[in-house]
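[1] curious how this folds, go ahead:
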Amino acid sequence: MAESFGARLRAARDVAGVSLGELARRVNYHKSYLSKIENDHKPPTPALAKLCDAALNTGGILAAQIVEGAAVPADDVVAEGENWLLGLTPAGGLRFGQSDRLPADLAAFTVVAGSGQDADDQVLTALHATFDQYRVLGMTVSPALVLGPVIAQLHSLRSLSLAATEPGRSAILRLASRMAEYAGWMSQEAGDDRAAAWWTGQAVRLAEQSLDRQIAGYALVRKAELALYRQDAIATIELAARAQLDPAAAPRVLGLAARCEAQGHALAGDLDACLRALDRAAELLARAAAEPVSSEPVLGSSGGSDEVRLALGWSLFDLGRPEQAAAVLDQHLVSIPAFSRRARARFGVRQALAYGQAGEVDQACVVVRAALDDAVRVDSATIRADLRYLVRVLSRWPTHDAVRRTQPLLLDALNSPTWD
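    Residues are numbered from 1 along each chain as shown. Next comes the predicted model:
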């Protein structure tokens, strides 16, 4: 019979020579709660397992005993022969995230009646500039406000591509593939992982038509990120590793893949593998930054922050090292520009979680109050999940003055009409 988590925790504590009271102090949980865990009267959480692994220096064996995440949905991959149809519902609203079989002579997009203009350099420049503005807008507002206009512009791009000649047609389809990938990211931020995976698949199809080799590799990175948010360490690592096998992938794609792989190793409790992958990510992203500026939209976040150091802070938290995570995030959050509200909220809430898990309750409350306005404005499903997690962490100190003042603000934010 397999050894229970409680028995394994007790054995690890005995080997380390750590009392139950001392372990409770190190992980900032009540001794009575840990006693219930050890006696299998309560189930452990993944977060607690990682904290205990770090406190007892067990190398991740406790976290490995808890099964996390789920299989990648089967509809992550669009079946061969299916196309994406951008249409209008009878009520006039945009329909997206669905696939329909179309007659063989119809293209994947809806054609706007009356279009027939070839795309010259001036038109392409304007289209790129418009997409850049949508990306900037997406850093500051709800994804719901960005998805509709992005999809509408995809209509226009397809119409132009039907009339365009080369090399304009390929340029249009490359831009469309980047916009479809962006629609996938905004769908994830809106809390629709199925639509996110579906749009990512469409981005790959468009890239294949335009001979853009970068999107296929980056699509694997995006799928790895979806797995990361599902807390599926194995899928995160495998998808990110596959992205790094593409010999045609650019340094930025390889660097983003290595960064995501590192975060997967952190979920799995493997500190050494995480740090090795982050070192690769830093080298590759530095090489990408030194390359000549491309006219194509940047893949991934374009906020200008220190991506690797922020990922390190995130990873240390997932590794059950909240004190170190808080210190790293405190140092590198300043690299996030003021206009990038989405990134500021995401890592600000993560920093508050790190302080909370480290037992620095006052600082956790200060940090999250500072991040709360940005979090509500960008209306992110992934940030919302972390805020709910923070509510649970802070509830361990129900009589603490800062917690009593902060918890109502968190609950009001989570119940905001923006997040209904």
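
[2] count the neighbours of the residue nearest to Gly359 when sequence neighbours are not counted for me.
    Counting by C-beta to C-beta, 6 or more residues apart in numbering, the nearest residue to Gly359 once its immediate chain neighbours are dropped is Asn28, at 3.9 Å. To be clear about C-beta, it is placed using only N, CA and C from the backbone, and glycine gets the same treatment. Asn28 has 18 neighbours, counted by other C-beta atoms under 10 Å.

[3] Asn28 contacts Ala354, correct?
    No. Checked against C-beta atoms under 8 Å, the pair Asn28 and Ala354 is beyond contact range at 11.5 Å.

[4] domains in this protein, by residue range?
    Dividing the chain into domains by automatic domain parsing, as the record does, gives the ranges 5-64, 73-212, 214-302, 311-419.

[5] can I get those in a markdown table with mean pLDDT?
    Converted to a markdown table, these look like this (pLDDT from 0 to 100):
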| stretch | mean pLDDT |
| --- | --- |
| domain 5-64 | 89 |
| domain 73-212 | 70 |
| domain 214-302 | 91 |
| domain 311-419 | 93 |
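
[6] tell me the contacts of Val204?
    Ser177, Ile215, Ala216, Ala219 (C-beta atoms under 8 Å, 6 or more residues apart in numbering).

[7] and what of Tyr29?
    Leu48, Leu51, Arg396.

[8] looking at this, the first one is in a helix?
    Yes. When the secondary structure is assigned by DSSP: H, G, I helix; E, B strand; the rest coil, Leu48 falls within a helix.

[9] what about it, how many neighbours?
    Leu48 has 23 neighbours, counted by other C-beta under 10 Å.

[10] circling back to that earlier point, quick check, nearest of the contacts of Val204 to Leu56?
    The closest of the contacts of Val204 to Leu56 turns out to be Ala219 (C-beta to C-beta; 39.1 Å).

[11] how about the closest one, what does it touch?
    Applying C-beta under 8 Å, 6+ apart to Ala219 gives the contacts Glu181, Thr200, Gly201, Ala203, Val204.

[12] please repeat the previous calculation with a cut-off of 7 Å.
    For Ala219, the contact set (C-beta atoms under 7 Å, 6 or more residues apart in numbering) comprises Thr200, Ala203, Val204.

[13] for those, which one is nearest Glu307?
    The nearest member of the contacts of Ala219 to Glu307, counting by C-beta to C-beta, is Thr200 at 19.9 Å.

[14] now find how far off-centre the helix or strand where that closest one lies is within its chain.
    Per DSSP states H and E: Thr200 is located in helix 193-210. Distance of helix 193-210 from the chain centroid (C-alpha atoms, centre = their mean, to the nearest Å) equals 17 Å.

[15] same question, stretch 4-22
    When distances are taken as C-alpha atoms, centre = their mean, stretch 4-22 is centred 34 Å away from the chain's centroid.

[16] could you pull out the buried residues of that stretch?
    Phe5, Gly6, Arg8, Leu9, Arg10, Ala12, Arg13, Val18, Leu20 (16 or more other C-beta atoms under 10 Å).

[17] show me what that stretch is in contact with.
    Contacts for stretch 4-22 (C-beta under 7 Å, 6+ apart): 23, 31, 34-35, 37-40, 44, 52, 56-58, 62, 65.

[18] pull the CA atoms of that stretch into CSV?
    Presented in CSV, the C-alpha positions along stretch 4-22 are these (Å, rounded to 0.1, in the frame of the first residue of the first chain):
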residue,chain,number,x,y,z
SER,A,4,0.2,8.5,2.7
PHE,A,5,1.3,12.1,2.4
GLY,A,6,1.0,12.5,6.1
ALA,A,7,3.2,9.6,6.9
ARG,A,8,5.8,10.8,4.3
LEU,A,9,5.7,14.3,5.8
ARG,A,10,6.3,13.0,9.3
ALA,A,11,9.2,10.8,8.1
ALA,A,12,10.8,13.7,6.3
ARG,A,13,10.4,15.9,9.4
ASP,A,14,12.0,13.2,11.6
VAL,A,15,14.9,12.8,9.2
ALA,A,16,15.5,16.5,9.3
GLY,A,17,15.2,16.6,13.1
VAL,A,18,12.5,19.3,12.9
SER,A,19,9.7,19.4,15.5
LEU,A,20,6.1,19.9,14.4
GLY,A,21,6.1,23.3,16.1
GLU,A,22,9.3,24.4,14.3
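
[19] what is the neighbour count of Asp272?
    Neighbourhood size, Asp272 [other C-beta under 10 Å]: 9.

[20] over to Gly356?
    Using other C-beta under 10 Å, Gly356 has 27 neighbouring residues.

[21] now swap in Ala249 and tell me
    When neighbours are counted by other C-beta under 10 Å, Ala249 registers 22.

[22] would you mind measuring from it to Ser170?
    Counting by C-beta to C-beta, to the nearest Å, the gap from Ala249 to Ser170 is 19 Å.

[23] report the distance from the helix or strand hosting Arg222 to the chain centre.
    If you go by DSSP H and E, Arg222 is part of helix 214-229. Computed by C-alpha atoms, centre = their mean, the chain-centroid distance of helix 214-229 equals 10 Å.

[24] now it: buried residues?
    Buried residues in helix 214-229, counted by 16+ other C-beta under 10 Å: 214-228.

[25] angle of the next helix or strand after it against helix 214-229?
    Per DSSP H and E, the first helix or strand lying C-terminal to helix 214-229 is helix 233-243. Taking axes from the mean of the first three to the mean of the last three C-alpha atoms, to 10 degrees, one finds helix 233-243 and helix 214-229 inclined to each other by 170 degrees.

[26] now the residue nearest the centre of the chain, nearest residue through space, not along the chain?
    In the chain, the residue lying closest to the centroid (C-alpha atoms, centre = their mean) is Glu225, at 5.0 Å. Closest residue to Glu225 apart from its sequence neighbours, by C-beta to C-beta, 6+ apart: Cys260 at 5.9 Å.
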